[in-house]
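Participant: Sequence and computational prediction follow.
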Amino acid sequence: MVLVMVLPSIIWPGKPVSRLGGQPDSLSRATAGLDSTHMDTQTVVAPPRAPAPQPVNRQKTVPAETVWVTTPLYRLGLSTRGATIVSAELSHYRSYAAGDSGTRAQLVPAGREFLAQRIVVGADTLALSDLTFTPSAKVVSVAGDSAGLTFTTTRGPSTLSLTYLFRSDGYGIGVRGRITSLPAGGAQLLVGLGDGLKNTEADSIASFRDYAVVTKATKTEKQLFASTKPGERTVLDGPFEWAGVKSKYFLFAALALEANQPQFGGVVAVGGPRPDSGRSLFGGKYGIATRTSVALTLPTPPSGEFHYDLYLGPLEHRRLAAMGHDLDDANPYGWAVFRPIIRPVSIVVVNVLLWTHAHLGVAYGWVLIFFGILIRLVLWPLNSRAMASQMRMQAVAPILKEIQTKYKNDPERSQKETLKVYREHNVNPLGGCLPMLLPWPVLLALYFVFQYTIELRGSPFLWLPDLSRFDPFYILPVVMGVSMFVLSKVGQRGLPPNPQTATMLYMMPAMMTFIFLKLSSGLNLYYLVSNLVSIPQQWMLSQKRLRDQGKRAGGT
């Protein structure tokens, strides 16, 4: 399992991304002021495409106010300074981060803002965060299907308006804007997605490891925050249907999904600082990437009108899948190389667990127990065939050893005699492999399901506070290791003594227990049930082996 988890990322590294260098493009010029904490308003170097607007006096500083938008799913705070998002509380999700005490999940980090936008015209850049907007309402409550909120401001001869459209049944937000007095060449709108979501998980270090930039062009790509060094600027070439930043369970994305609207031109990510987050096994300190500033460009025509959509909410598979455009792929199931196998199995497993939970009305722990029993019952015939094949293989093992000794200097004759023994005793040396491999995609799929399925987040069962996290008392992994030992011990009944097999009898359960100590308790529960259900089958087959040995001994 360790090799399967680690080696793919080493042997098949992810797709490289372009680094900023050489001749700067329009995207890198537009984001020259993007750093790890904010976007400044400096003038950037770019070839003139249209006469620059005349400079005007900077607006007088006016204290910013917050407009609160409440829907059945979330409570959003938008600032009159720049019309940015400064707060996003989700009504149906709780934060388990230290100090939050089970409060509503807040996605915007304190002191930061989402959707800081800039307008780039020729060689000039205007940051909307320098402007104070007038809102159409002080408070918005989305009681019906939808509601809107408009922010307006003026800058010299130009008028800017931003309209947000909220729905009561989803986490999507429509953004409609208009800028007057643009030159004939139009402009570029730079949309800032912030520098990462607020941590909402008890294990903050594990949570930060899943922070990433996700994009969709022809296919979905993911770039972990950890892959961008502090201060390093990474340019992701578009056009993109959508792009966003994600944590383990939540997503903030900008979407250009309509057929008649321009797609986002590109994405720039700038790595933030890495504070000392923990200590390694050898005592040294290490830093986890917690912040990466992300911005993307949207072409704006001379009419000055633009529109796109936002998604600010949970990584719910069914909700995202219903939106189409592979948005559900922002929630990763499987490593890049094995995703074609693991992801379809993961989706089936997720749908089965959610359907069973919804229709039977039982806790997810019982759903897992039923699921583990079901998988073993489905595979019972194949497992019986595999175990029978292993028994025949073990029966001819002494004969094969004699052939290897007798023809050790004649490999070709040894191979012929070995194949002859296989035919005479109806032995397929690979007959036991496939049934043993079939449960592994399910086991690996469950690993990712419990890692990234938000519906299972915070789901308690018996003494377990959360099936998506490890057992705090380590009861399940220990019992799972014991069950694995018993299963192996029963399987060796009637076999001749073998030092190698005896060693594995103790090593494998101990190693698996160690590996599973920090894995999700739900995965431990599934594997434990799977082992327990397999023990009776292993016992019956070992009994058959002993009876066959008795018959052969009697015949002899």
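Facilitator: Here it is on my side, so go on. The structure displayed is predicted, hence computed values, not measured ones.
Participant: Next, the buried residues of the helix ranked longest in the chain.
Facilitator: For the chain, the longest helix by residue count, based on DSSP state H, is helix 521-555. For helix 521-555, the neighbour count (16 or more other C-beta atoms under 10 Å) marks 521-534, 537-538, 541-542, 545 as buried. Placement of C-beta: from N, CA and C, glycine included.
Participant: ranges for the strands of the stretch 401-550 of the chain?
Facilitator: Assigned by DSSP state E, counting those that start in this stretch, the strands in the stretch 401-550 of the chain number zero.
Participant: For it, give me the ranges with low pLDDT.
Facilitator: Low-confidence segments of the stretch 401-550 of the chain, defined by pLDDT under 70: 428-439, 494-502, 548-549.
Participant: Mind doing that once more with 80?
Facilitator: Along the stretch 401-550 of the chain, segments meeting pLDDT under 80 span 401, 404, 408, 410, 421-444, 446, 491-505, 537, 541-550.
Participant: Please enumerate the helices of it.
Facilitator: Secondary structure of the stretch 401-550 of the chain (DSSP state H, counting those that start in this stretch): helices at 411-424, 433-437, 439-452, 475-491, 499-516, 521-555.
Participant: do you know how far residue 443 is from residue 210?
Facilitator: Per C-beta to C-beta, to the nearest Å, residue 443 is found 21 Å from residue 210.
Participant: Give me the helices and strands touching the helix or strand containing residue 306, please.
Facilitator: Assigned by DSSP states H and E, residue 306 belongs to strand 305-314. Using 3 or more C-beta pairs under 8 Å, 6 or more residues apart in numbering; DSSP states H and E, the elements in contact with strand 305-314 are strand 74-79, strand 85-94, strand 172-179, strand 250-255, strand 292-300, helix 317-323.
Participant: out of those, nearest to residue 419?
Facilitator: helix 317-323 (48.7 Å; C-beta to C-beta).
Participant: give me the low-pLDDT residue ranges for the stretch 151-300 of the chain?
Facilitator: Checking the stretch 151-300 of the chain against pLDDT under 80 turns up 185-186, 238, 259-261, 274-288.
Participant: Could I get the CA-only coordinates of the host helix or strand of residue 67 as CSV?
Facilitator: For residue 67, the enclosing helix or strand under DSSP H and E is strand 66-70. Output of strand 66-70 as CSV, limited to C-alpha atoms (Å, rounded to 0.1, in the frame of the first residue of the first chain):
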residue,chain,number,x,y,z
THR,A,66,-20.5,45.5,5.1
VAL,A,67,-23.7,44.5,3.3
TRP,A,68,-25.0,41.2,4.6
VAL,A,69,-26.7,38.7,2.3
THR,A,70,-28.6,35.8,3.9
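Participant: I would like the residues contacting that strand, please.
Facilitator: 75-80, 86-87, 135, 137-142, 147, 149, 164, 166 (C-beta atoms under 8 Å, 6 or more residues apart in numbering).
Participant: Pretty sure residue 307 sits against residue 176.
Facilitator: Yes - with contact defined as C-beta atoms under 8 Å, residue 307 counts as touching residue 176 (4.7 Å).
Participant: Same list, the helices of the stretch 401-550 of the chain, but as TSV with distance to residue 239 please.
Facilitator: Formatted as TSV, the helices of the stretch 401-550 of the chain follow (distance: least, C-beta to C-beta, whole Å):
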stretch	distance to residue 239
helix 411-424	58
helix 433-437	41
helix 439-452	27
helix 475-491	47
helix 499-516	42
helix 521-555	39
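Participant: what's the closest of those to residue 119?
Facilitator: Residue 119 lies closest to helix 439-452 among the helices of the stretch 401-550 of the chain, at 36.6 Å (C-beta to C-beta).
Participant: Compute the inter-axis angle for that closest one and helix 521-555.
Facilitator: 160 degrees (axes from the mean of the first three to the mean of the last three C-alpha atoms, to 10 degrees).
Participant: Other residues contacting helix 439-452?
Facilitator: Counting by C-beta under 8 Å, 6+ apart, helix 439-452 makes contact with 4, 210, 248-249, 315, 331-334, 338, 341-342, 345-346, 348-350, 353, 375, 379, 456, 467-468, 519-520, 522-523, 526-527, 530, all of which sit outside it.
Participant: at 6 Å instead, please
Facilitator: Residues outside helix 439-452 that contact it (C-beta atoms under 6 Å, 6 or more residues apart in numbering) are 331, 333-334, 341-342, 345-346, 349-350, 375, 456, 468, 520, 522-523, 526.
Participant: before we move on, what about stretch 263-272?
Facilitator: 27, 31, 34-36, 195, 213, 228-230, 232-240, 243, 256, 291-298.
Participant: in it, what's buried?
Facilitator: Residues of stretch 263-272 classed as buried: 263-272 (neighbour count, 16+ other C-beta under 10 Å).
Participant: what's the offset of that stretch from the middle of its chain?
Facilitator: 20 Å (C-alpha atoms, centre = their mean, to the nearest Å).
Participant: Using PDB, write out the CA atom coordinates for it.
Facilitator: What follows is stretch 263-272, C-alpha atoms only, in PDB (Å, rounded to 0.1, in the frame of the first residue of the first chain):
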ATOM      1  CA  GLN A 263     -13.600  32.300 -21.200                       C
ATOM      2  CA  PHE A 264     -10.900  33.200 -18.700                       C
ATOM      3  CA  GLY A 265      -7.600  33.900 -20.400                       C
ATOM      4  CA  GLY A 266      -5.200  32.500 -17.800                       C
ATOM      5  CA  VAL A 267      -4.300  32.100 -14.200                       C
ATOM      6  CA  VAL A 268      -1.400  33.500 -12.200                       C
ATOM      7  CA  ALA A 269      -0.500  31.900  -8.800                       C
ATOM      8  CA  VAL A 270       2.100  33.500  -6.500                       C
ATOM      9  CA  GLY A 271       3.400  31.400  -3.600                       C
ATOM     10  CA  GLY A 272       3.000  32.700  -0.100                       C
END
